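Curious how this folds, go ahead:
(one chain, ligands or ions: 2)
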Amino acid sequence: MRNDAFPDIPKIAFEGASSRNPLSFKHYDENELVGGKSMKEHMRFGVAYWHAMRNGLSDPFGGPTAQRPWDDGSNSVENAQNRVYAAFEFMEKLGAPYYCFHDRDVAPECNNLEESNAALDAVADVLEAEQKRSGIKLLWGTACLFSHERYNQGAGTSPFADVFAYGAAQVKKALEVTHRLGGEGYTFWGGREGYSTLWNTDMKRELDHLAALLKLAIEHKKKIGFKGAFYIEPKPREPSTHQYDSDAAACLNFLREYGLEGELTLNLETNHATLAGHTMMHEMRVARDAGALGSIDANTGDELIGWDTDQFPTDIYLTTQIMVEVLKMGGLTTGGLNFDAKCRRESFEPVDLFHAHIGGMDAFARGLKIAHAIIEDGRLDKFVDDRYSSFNSGIGADIEAGKVTMEDLHDHTVKNGEPTTKSGRQEMIENLINEFI
Ligand code: XUL
Ligand code: CO
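Ligands and ions are numbered 1, 2, ... in the order given. Next up is the predicted model:
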């Protein structure tokens, strides 16, 4: 513990909705019970090391702006270790119970694999000690298989076998370090697992290779006794033109095609959902219905910009939808709400990291309470149940039970004539939701 990265910032306290202190929680009280469970347990907030500690806030038109006085800007192991103290000071003052990292966020890439692995071990020593001291835990770890130039055409889907091998070796080490640090999960986001043009691509072979990489990782997970969850994170494009894990449905299809369902669930991210042309609620519903909703990368995109802007979520309507889906699946277990989000380039001071995360946590606290109230109220669920009630008996029940033939349906229709329907009442339901917001 060093406690010198954010000298002017105290531990962020819950002060309630009437507080005018921007460095306080207005709604997130980690001990407050909602439906018998504390907010801390409901949300399982995580800080993304790559954004909070490593993102210089550059954009396609300009370099980094972030002021990070604890960072000497070098690629040394010592600097990486110093950063860990700043990270834990930040997370402790914020009150975040979890963090997530890529291997190359926490430790530098060195001259060769052995040196990089040794650097990762040396930083993991400090991570382990700081976790122990603070009680902050690792939600999930991952390997960065997209930044280094060797991965310019992918890792698991690279046309070059040596690149596949290098990527697999990196996953092996990242998994072992995640295991050593007691990680509750491990995420696969295929940054460049896709294509830029189909003219030069053997898609079938690339998908076979991607599945082979996952199978090897599952085998290794079992070998080292890692009990954490494996997640696959959908994203439709960027950096690739098309990424194979394009959305929840595509990921589920891929997992089923290669017999990997049951081994991996999904880590869903709001900005990825919207890039795929879906809402986050849609992606969550697809995953939940498949029993495959694992974890969440909590952020939001900018509708006017159109790329992956990774902004902090502040929209209460969005956090309400997310928490409705989370509550309806019975809550997060191994997963959490990881803020895969960065400050705007204009928000370059260290204190902005606090404002950003506080806002996200407060927005989710409100979303949780609203979602709980909507479910408790019961009118929404009753409406949906009633809407499908014609399938509860008679011909509907027979259809669901698979007891009818086409002839039965023909006879039924001849006998009953033109069906009647009822209004979907979308506006009434939207008004009902707004009663709670
Ligand atoms: C990239 C992204 C990643 C994954 C982890 O868009 O979301 O940071 O969450 O590799
Ligand atoms: Co993400």
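
Quick one: residues contacting residue 276.
The neighbours of residue 276, taking CB atoms under 8 Å, 6 or more residues apart in numbering as the test, are 234, 235, 236, 246, 247, 283. (Each C-beta comes from the backbone N, C-alpha and C, glycine too.)

Please work out which residue of the stretch 101-250 of the chain is closest to ligand 1.
In the stretch 101-250 of the chain, the residue that lies nearest ligand 1 is residue 189 (3.5 Å; CB to the nearest ligand atom).

and the gap between residue 214 and residue 235?
When distances are taken as CB to CB, to the nearest Å, residue 214 and residue 235 turn out to be 16 Å apart.

and the two? which has more neighbours close in?
It is residue 235, of residue 214 and residue 235, that has more neighbours when counted by other CB atoms under 10 Å, with 27 against 22.

How is residue 31 assigned, secondary-structure-wise?
At residue 31 the chain is in coil, as set by DSSP: H, G, I helix; E, B strand; the rest coil.

For the residue nearest to it when sequence neighbours are not counted, name its beta-bridge partners.
Leaving aside its sequence neighbours, residue 31 sits nearest to residue 38 (CB to CB, 6 or more residues apart in numbering; 5.5 Å). When bridges are assigned using DSSP bridges, the partners listed for residue 38 are residue 33.

So residue 38 sits against residue 44, correct?
No - Residue 38 is not in contact with residue 44 according to CB atoms under 8 Å; the separation is 10.6 Å.

Distance check, the residue of the stretch 301-437 of the chain found nearest ligand 2 against ligand 1.
Distance from ligand 2 to each residue of the stretch 301-437 of the chain (CB to the ion) is smallest for residue 340, at 3.8 Å. For residue 340, the distance to ligand 1 under the criterion CB to the nearest ligand atom, to the nearest Å works out to 5 Å.

With residue 402 instead?
From residue 402 over to ligand 1 (counting by CB to the nearest ligand atom), the distance is 40 Å.

Please apply the same query to residue 436.
Residue 436 is 30 Å from ligand 1, where distance means CB to the nearest ligand atom.

Let me know the pLDDT of that residue.
Per-residue confidence at residue 436 stands at 98 (pLDDT).

tally of neighbours for it?
16.

What of residue 238?
Neighbours of residue 238 under the rule other CB under 10 Å: 14.

Next, count neighbours for residue 329.
Considering only other CB under 10 Å, residue 329 is surrounded by 17 other residues.

ok, the nearest residue to it once chain neighbours are set aside - contacts?
The shortest distance from residue 329 to any residue other than its chain neighbours is 4.7 Å, reached at residue 288 (CB to CB, 6+ apart). With contact taken as CB under 8 Å, 6+ apart, residue 288 is in contact with 325, 328, 329.

Restricted to helices, list the residues you listed.
Among those, the members found in helices (DSSP state H) are 325, 328.

Format the contacts of residue 288 as TSV; extra columns: distance to residue 58.
Formatted as TSV, the contacts of residue 288 follow (distance: CB to CB, whole Å):
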residue	distance to residue 58
325	34
328	39
329	37
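
Of the contacts of residue 288, which is the nearest to ligand 1?
Using CB to the nearest ligand atom as the measure, the one of the contacts of residue 288 that approaches ligand 1 most closely is residue 325, at 18.8 Å.

In this structure the closest one contacts residue 286, no?
No - no contact is recorded between residue 325 and residue 286 when judged using CB under 8 Å, the distance being 10.2 Å.

in the sheet, who's paired with the residue nearest to the spatial centre of the chain?
In the chain, the centroid-proximal residue (CA atoms, centre = their mean) is residue 297; its distance is 2.3 Å. The partner list for residue 297 in beta bridges (DSSP bridges) reads residue 269, residue 338.

Can you check the pLDDT for it?
Among the per-residue scores, residue 297 shows a pLDDT of 98.

What of residue 51?
Looking at residue 51, its pLDDT reads 98.

just residue 303 next, same as before
87.

For the stretch 151-300 of the chain, give the residue positioned nearest to ligand 2.
residue 297 (3.6 Å).

and that residue, what does it touch?
Under the criterion of CB under 8 Å, 6+ apart, the neighbours of residue 297 are 48, 233, 267, 268, 269, 270, 272, 338, 339, 340.

Those into CSV, with extra columns for distance to residue 349, neighbour count and pLDDT?
Output for the contacts of residue 297, formatted as CSV (distance: CB to CB, whole Å; neighbours: other CB atoms under 10 Å; pLDDT from 0 to 100):
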residue, distance to residue 349, neighbour count, pLDDT
48, 19, 24, 99
233, 30, 21, 98
267, 30, 31, 99
268, 31, 31, 99
269, 26, 27, 98
270, 25, 28, 98
272, 28, 30, 98
338, 23, 27, 99
339, 18, 27, 99
340, 21, 25, 98
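
Flag every residue of the stretch 201-350 of the chain that's near ligand 2.
Neighbours of ligand 2 within the stretch 201-350 of the chain, by CB under 5 Å from the ion: 269, 297, 340.

Try it again at 6 Å.
Contact residues of the stretch 201-350 of the chain with respect to ligand 2, defined by CB under 6 Å from the ion, are listed as 233, 269, 297, 340.
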